[in-house]
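In: Here is my input, please return the structure:
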Amino acid sequence: MLRTILGSTGNFCLTLLNLLYPQDCLICSNRIREVKPARLCGPCHDRIMRYVETPHWSYAERGLAFDAAYHVAGYEDIVKRCICLLKYDGKHDLSKPLGNLMSEYAARNLRIDDIDLLVPVPLHPVKLRERQFNQSELIAGHIAKRFNKKLENDWIKRIKYTPAQAGLSREQRLRNIKGAFLVRRDSDFKDKSVLLVDDVMTTGATLHECAKAIKSAGAKKVFAYTLARGI
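Out: This next block holds a predicted model:
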């Protein structure tokens, strides 16, 4: 009851603030009139959440280390726009609706109860210093909170700084990323089922190399889960 009252009060305050200090939607730049997660108008928020209705998944291809790969949408339209705004423009607020989208999708299409912990794909320290945040960690944090799962963001680290993967063939990507990840000695992946979270999967090379390191540390299963699947 108290939570409901506080929630209603919070929405009222947000609505009042929005009236006094109106903001524009991050996606379409239209004036925001509804209370939604992040700085999004109602129509844009609903466009994002519509992907929950249509299952998209791609099971692991032969030779890749993860057991199965799942994605919510194609890397296009509003999802691509949101990822780019979060990743390159530092719009941290977008991690919440994107995390909510992935949570809703997982609840409907993944066997989330079988997952022991979530691991976001790490950035190399140089890239992390440049960007100041890991977008995959932000999104994974919302998913972990929704399902009350452990989020381990420092059990695996990226030790090899690699050039951008864009424009490379599948074989070139696999060579480029080979040996890029190292599991910490004090990690405890033994017999765990891990959900490996990233923003975009294209060929799966990065997720493969990351999953390979986790499995070498004793993980029972590793499932790749991304917001979008690139072409």
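
In: For the host helix or strand of Ser103, which helices and strands make contact with it?
Out: Here Ser103, judged by DSSP states H and E, is contained in helix 95-109. Secondary-structure packing of helix 95-109 (3 or more CB pairs under 8 Å, 6 or more residues apart in numbering; DSSP states H and E): helix 42-49, strand 68-74, helix 77-89, helix 135-147, strand 221-229. Backbone N, C-alpha and C define where each C-beta goes, glycine included.

In: quick one, the last one and helix 135-147 angle?
Out: Here the directions of strand 221-229 and helix 135-147 differ by 110 degrees (axes from the mean of the first three to the mean of the last three CA atoms, to 10 degrees).

In: dump the residue contacts of the spatially closest residue to Leu94 that is not a sequence neighbour.
Out: Residue nearest to Leu94 in three dimensions, not counting chain neighbours: Leu86, with 4.4 Å by CB to CB, 6 or more residues apart in numbering. Contacts for Leu86 were tallied using CB atoms under 8 Å, 6 or more residues apart in numbering; they are His92, Leu94, Ser95, Leu98, Gln135, Leu138, Asp199.

In: quick revisit: name the stretch among the helices and strands packed on helix 95-109 that sits most buried.
Out: Highest mean neighbour count of the helices and strands packed on helix 95-109: strand 221-229, a mean of 24 (counted as mean count of other CB atoms under 10 Å).

In: quick one, that strand and strand 68-74 angle?
Out: 10 degrees.

In: neighbouring contacts of strand 221-229?
Out: 56, 58, 60, 65-76, 79-80, 83, 98, 101-102, 106, 110, 115, 139, 193-202, 204, 207, 211, 214-215.

In: Which of those residues are buried? Put it as a ChimeraX command.
Out: The following ChimeraX line selects those of the contacts of strand 221-229 that are buried, judged by 16 or more other CB atoms under 10 Å:
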select :60,65,66,67,69,70,71,72,73,75,79,80,83,98,101,102,106,110,115,139,193,194,195,196,197,198,199,200,201,202,204,207,211,214,215
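
In: quick one: which of the contacts of Leu86 is nearest Pro22?
Out: Leu94 (19.2 Å; CB to CB).

In: A strand includes Lys157, no?
Out: Yes - assessed by DSSP: H, G, I helix; E, B strand; the rest coil, Lys157 belongs to a strand.

In: Okay, buried residues for stretch 115-129 please.
Out: Ile115, Asp116, Leu117, Leu118, Val119, Pro120, Val121, Pro122, Leu123, His124.

In: I misspoke; the intended subject was stretch 147-160.
Out: Buried residues in stretch 147-160 (16+ other CB under 10 Å): Lys149, Leu151, Glu152, Asn153, Trp155, Ile156, Lys157, Arg158.

In: The residue nearest to Leu94 and Asn153, how far apart?
Out: Taking CB to CB, to the nearest Å as the measure, Leu86 falls 17 Å from Asn153.
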